[in-house]
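>>> can't give you the sequence, but here's the structure:
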Ligand SMILES: CC(=O)N[C@H]1[C@@H](OP(=O)(O)OP(=O)(O)OC[C@H]2O[C@@H](n3ccc(=O)[nH]c3=O)[C@H](O)[C@@H]2O)O[C@H](CO)[C@@H](O)[C@@H]1O[C@H](C)C(=O)N[C@@H](C)C(=O)N[C@H](CCC(=O)O)C(=O)O
Ligand SMILES: Nc1ncnc2c1ncn2[C@@H]1O[C@H](COP(=O)(O)OP(=O)(O)OP(=O)(O)O)[C@@H](O)[C@H]1O
């Protein structure tokens, strides 16, 4: 595509050089630039893309998009100066990937907890009803047989547009996207014209980034504020958790039709006669489309909420109640969420991804329900993130579990001991006395295994599906389910700690 065709949609711009050159691809990372590419310089949290123009030029960049005038290498044939390169990138990526035709139906899911689970439920039901759908979220990008790991829950604007194009190429009818508050705040979803958007809940998290709950909510509202303002607004729907106090505020910020789900009567889609068993939950759902009996092979009231959100979306999208019922009855959960690790022992081990107070509360209550013996919780808290939640989470676990083992999660650049001491600060004297602090996560799990008796349950939270962790700038490969399996094998015979395998 010629540069002038690509940048034509940018309203405010100055072009220096030859606008007729052909562009072969768009890049934001100088290291990925190939001959003929357009390098868009983005100002980041750590570095400024403008500082990498030399490298981009060495790799063959034909043109650059910049936010300020600066001397350019001679090999750069053209420069486009714009007021905001990241905003410009959204426009360029949309055109480049041909996503401006809105042919794929976009469904967004936001909220503190439950985004991934709800999205996977919707995806599962759509697939069950033979409707093709791609997913972009914490577990990566997935469309048909294509699967790619993503660093972020909501990837950057260029990557999102690339994935949407790949979904369209495979004739995907739907694209399901997890919209994190960071993603919304940083404009990663610019150019995404959502049709249905879900809000799951808003509770304490990410205060390192948003600073206050008001600002955290404001980022979520961005997703709903754009809904329903177009001429097709009758097709746009905001699906809100009617039991969460933030929903009223969100509803007042959207022109779209609002559909509420919840357990209380004021919602349009409600669950009744909830019966929780150790391996499934049954409930009746009342909706304006009729009622349905559901048997969900998951436990925990939080999963009833997730299912209600998914049911609401599927009904809005015109799926028959029977397909939704049958689809959800075969939903086998999401990797790393309430994931049972087969132990071959008389006690259970569950790996989960709860990493904030509300998520932890949900999983502890869900897990405790089927446990006749003791509940042992192994948990830590992530480094370089919201410190305020650390003592709250330690306290919460100690309030509900018989044994709590505090350990490292993903310390990042922080010292594991300082994270642990933040957590211990949340405990009272009695709780400190019965809490074990074992910084090495493998040791901690091994300790839990050695303390478990028949009918007990070990709940290991915080890292779920993740298999990499960062300690002092070095990355290590380590998944919680692998740790459990190793601990079970070594229990009784181990004499010294095994090392975690390391990779740069
Ligand atoms: C704070 C934050 O969001 N940072 C994101 C940001 O990184 P950054 O600003 O540090 O980027 P940078 O390294 O300064 O680089 C700036 C620019 O220079 C370019 N560059 C850089 C180096 C170089 O040699 N050449 C070059 O061209 C980069 O490609 C980039 O365009 O842009 C990156 C690329 O899009 C993101 O991966 C990164 O997310 C980091 C990993 C992160 O941890 N983000 C968290 C806070 C986050 O976004 N989390 C949410 C929600 C999670 C949840 O719900 O639990 C998420 O959506 O993931
Ligand atoms: N609706 C819910 N309410 C409260 N807690 C929940 C809910 N759904 C899931 N959880 C808890 O939160 C954890 C994360 O769930 P899930 O991955 O679905 O959420 P998420 O919003 O996608 O989180 P993240 O963005 O961090 O990936 C689960 O392991 C579970 O412990």
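Arrived safely. Since this is a predicted model, take the numbers as computed values, not measurements. Residues are numbered from 1 along each chain as shown. Ligands and ions are numbered 1, 2, ... in the order given.
>>> Three-state assignment for residue 423, please.
Secondary structure for residue 423, judged by DSSP: H, G, I helix; E, B strand; the rest coil, is helix.
>>> what's the spacing between the closest residue to residue 317 other than its chain neighbours and ligand 1?
Closest residue in space to residue 317, ignoring its immediate chain neighbours: residue 196 at 6.8 Å, by Cβ to Cβ, 6 or more residues apart in numbering. In this view, the C-beta of every residue, glycine as well, is placed from N, C-alpha and C. The gap separating residue 196 from ligand 1 is 20 Å, by Cβ to the nearest ligand atom, to the nearest Å.
>>> swap in residue 426?
Taking Cβ to the nearest ligand atom, one finds residue 426 at 21 Å from ligand 1.
>>> Equivalent analysis for residue 230, please.
From residue 230 over to ligand 1 (counting by Cβ to the nearest ligand atom), the distance is 26 Å.
>>> what pLDDT does the residue of the chain most remote from its centre get?
Largest separation from the mean C-alpha position in the chain: residue 74, at 42.4 Å (Cα atoms, centre = their mean). pLDDT, residue 74: 95.
>>> And for residue 499?
At residue 499, pLDDT is 33.
>>> go on, residue 279?
Here, the pLDDT recorded for residue 279 equals 87.
>>> Ok, the one 4 residues further on next?
For residue 283, the model assigns a pLDDT of 98.
>>> Would you mind naming the residues that bridge with it?
Beta bridges link residue 283 to residue 294 when assigned by DSSP bridges.
>>> Could you check how many residues crowd around it?
21 (other Cβ atoms under 10 Å).
>>> my read: it touches residue 269, true?
No: between residue 283 and residue 269 there is no contact under Cβ atoms under 8 Å: 11.8 Å.
>>> Next up, the contacts around residue 224.
Neighbouring residues of residue 224 by Cβ atoms under 8 Å, 6 or more residues apart in numbering: 197, 199, 238, 250, 253, 254, 256.
>>> give me that answer again for 7 Å
197, 238, 250, 253, 254 (Cβ atoms under 7 Å, 6 or more residues apart in numbering).
>>> give me the number of residues near whatever residue of the chain ends up closest to ligand 1?
Proximity of the chain to ligand 1 (Cβ to the nearest ligand atom) peaks at residue 44, 2.2 Å away. By other Cβ under 10 Å, the residues close to residue 44 number 11.
>>> How about the one 5 residues further on?
Using other Cβ under 10 Å, residue 49 has 23 neighbouring residues.
>>> ok, and the closest non-adjacent residue to it?
According to Cβ to Cβ, 6+ apart, the nearest residue to residue 49 is residue 41 (3.7 Å).
>>> That neighbour: what's it in contact with?
Going by Cβ under 7 Å, 6+ apart, the list of residues near residue 41 reads 49, 50, 53, 64, 65, 66, 67, 85.
>>> Which ones among those residues map onto strands?
The members of those that map onto strands under DSSP state E are 64, 65, 66.
>>> so how far is residue 230 from the last one?
For residue 66, the distance to residue 230 (Cβ to Cβ, to the nearest Å) stands at 32 Å.
>>> who has more neighbours, those two?
residue 66 (23 against 14).
>>> Which members of the contacts of residue 41 additionally contact ligand 1?
residue 49 (Cβ under 6 Å from any ligand atom).
>>> So residue 448 is in contact with residue 407, correct?
No: at 9.4 Å, residue 448 does not count as touching residue 407 under the criterion of Cβ atoms under 7 Å.
>>> Next, the distance between the ends of stretch 32-52.
11 Å (Cα to Cα, to the nearest Å).
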